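Undergrad: the following block contains a protein sequence and its predicted model.
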Amino acid sequence: MNESKEDQILTLFKTLTPEQQQQTLNLIRKETKSNAVPVELVLNREYGLSFSELAQSLYIKLGGKAFVGYCDRDDPKLVYIVKKLGKKASGKHGCFYVGTPRVAIGEMWDIYDNDDGIERLRMNISDKIYKNEHAPLPKDADEIWTKFKVENSLLD
C-alpha cells in the first residue's frame, strides 16, 4: 500500500506518548505559526446539518457531487455557495456562515459544537490534518452563479 507522507507522519505520530505528542505539536506550532494562512470554512450556528435544495443544486452545477450526510467544510465550492446564497444555503436544520480561521498546512483541526449547536474550530486535537487538497472553484463560477440566480429567481 502506498501511503502518503502525511499518512505516514500521522501513523508515526500516533505511536508517540501523549507527552511526546504535545512536545512535537509545540515545536510544529513554533515552526508553522508564520506559515498559517486564513482558511475559509463553512460553519453552522444551529443544531443539525442540512443544506437547502438550492445549495445542493448549485453545488452540482459547480462540479460537485450530491451531499450524502457529510461535506468537507473547506471545499471552495461549498464556501462559494454559502457566501452567495447566504441564509438560503441552509436547509431545515442549520444556519451556515463562512468563518476564516488561520490554519497552517499540516496543522490538525476539528469542528465541534459545545451542546449549543454553534460550531467552533479546535486546533491540534484530532487526526484531521489540513491539506488543502480540494479542486479549485471552477473559473466560470461567477458565470454559473449569474445563470443560476436567473433560473431560480434569486435576483438582487
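TA: Ah, there it is. Numbers count the residues shown, from 1 in each chain.

Undergrad: which residues touch residue 58?
TA: 81, 84-85, 144-145, 148 (C-beta atoms under 8 Å, 6 or more residues apart in numbering). No exception for glycine: its C-beta is placed from N, CA and C like everyone else's.

Undergrad: tell me which element it is part of?
TA: Assessed by DSSP states H and E, residue 58 sits inside helix 53-61.

Undergrad: quick one: mean pLDDT for that helix?
TA: Helix 53-61 carries an average pLDDT of 91.

Undergrad: residues of that helix that come out buried?
TA: Using 16 or more other C-beta atoms under 10 Å as the test for burial, helix 53-61 gives 54-59, 61.

Undergrad: could I get these as TSV with distance to residue 18?
TA: Rendered in TSV, the data for the buried residues of helix 53-61 read as follows (distance: C-beta to C-beta, whole Å):
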residue	distance to residue 18
54	45
55	40
56	41
57	46
58	44
59	39
61	46
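
Undergrad: with respect to residue 72, which of those is nearest?
TA: Among those, residue 59 lies closest to residue 72 (C-beta to C-beta), at 11.5 Å.

Undergrad: what pLDDT does residue 68 get?
TA: 61.
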